[in-house]
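Student: With the sequence up front, the predicted model follows.
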Amino acid sequence: MPTEHTEVQVRPGGEGDLTALTDLYNHYVRETAVTFDTSPFTPEGRRPWLLSHPVDGPYRLMVATDGGAGGVLGYATSSPFRPKPAYATSVETTVYVAPGAGRRGIGTLLYTALFEALEAEDLHRAYAGIARPNDASTRLHERFGFRHVGTHREVGRKFGRWWDVAWYEKEL
């Protein structure tokens, strides 16, 4: 893992990131309840997700790397909130930071880049679902102007227990 002094670069994600992004996400699938996916992905299985986040448009993928070394430190996305046409001006956002890269401001850098990229889009709201408890994610979202709008109680079951998901909203 890079040192704290390594320069972090944030850029749009692409095909060359697929394996690293899949590995990062699979950590959260296997080890945490922050995602309700329960089976790890292969890079090929994750390719449709990657391709649904082009470098322009409202559905973006921003990747943080450790400068010249190229290791992925995290990523942030904006994705369709719901599939029905009237939801087209709303996005769901998320951020994942690599194990060992937390508390370095990676999430802040990713969300800053993501929301700057979305400024020119015809968007009205961003939403984020946070499985509870997750104080770090709650703090990050509140720092970016998200406000709590409700909680779905015991909406997911993973690792033999029920999990709540708190929903946050941000005006764009």
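Tutor: Here it is on my side, so go on. Nothing here was measured: the structure is a model prediction, and the numbers come from that model.
Student: Quick check: Val165 vs Lys158, distance?
Tutor: According to C-beta to C-beta, to the nearest Å, Val165 stands 11 Å off from Lys158. For glycine as for every other residue, the C-beta is placed from the backbone atoms N, C-alpha and C.
Student: Mind checking which of those two has more residues around it?
Tutor: Val165 (19 against 16; other C-beta atoms under 10 Å).
Student: buried set for the host helix or strand of the more buried one?
Tutor: Element membership for Val165, per DSSP states H and E: strand 161-171. Of all the residues in strand 161-171, those buried under the rule 16 or more other C-beta atoms under 10 Å are 163, 165-166, 168-170.
Student: and if you look at stretch 129-138?
Tutor: Quick answer for stretch 129-138 (16+ other C-beta under 10 Å): 129-131, 134, 137-138.
Student: Kindly report the same for stretch 60-69.
Tutor: Quick answer for stretch 60-69 (16+ other C-beta under 10 Å): 60-66.
Student: mind putting those in CSV, pLDDT included?
Tutor: Putting the buried residues of stretch 60-69 into CSV (pLDDT from 0 to 100) gives the following:
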residue, pLDDT
Arg60, 97
Leu61, 98
Met62, 98
Val63, 97
Ala64, 97
Thr65, 95
Asp66, 89
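Student: Make a markdown table out of the residues you listed and add distance to Tyr25.
Tutor: Shown next, in a markdown table, are the buried residues of stretch 60-69 (distance: C-beta to C-beta, whole Å):
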| residue | distance to Tyr25 |
| --- | --- |
| Arg60 | 16 |
| Leu61 | 12 |
| Met62 | 15 |
| Val63 | 12 |
| Ala64 | 14 |
| Thr65 | 16 |
| Asp66 | 18 |
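Student: Pick the one among the residues you listed closest to Thr89.
Tutor: Within the buried residues of stretch 60-69, the smallest distance to Thr89 is 15.0 Å, found for Arg60 (C-beta to C-beta).
Student: didn't the closest one look like it was pressed against Tyr111?
Tutor: No: counting by C-beta atoms under 8 Å, Arg60 stays clear of Tyr111, with 11.3 Å between them.
Student: hmm, who's touching the host helix or strand of Leu114?
Tutor: Secondary-structure assignment from DSSP H and E places Leu114 in helix 106-118. Residues from elsewhere that reach helix 106-118 (C-beta atoms under 8 Å, 6 or more residues apart in numbering): 8, 10, 12, 58, 60, 62, 64, 73-78, 91, 93, 95, 97-98, 126, 136-137, 140, 143-144, 172.
Student: thinking again about what came up before, neighbouring strands - and their directions - for the strand holding Val165?
Tutor: With DSSP bridges as the test, strand 161-171 is paired with strand 125-131 (antiparallel), strand 147-158 (antiparallel).
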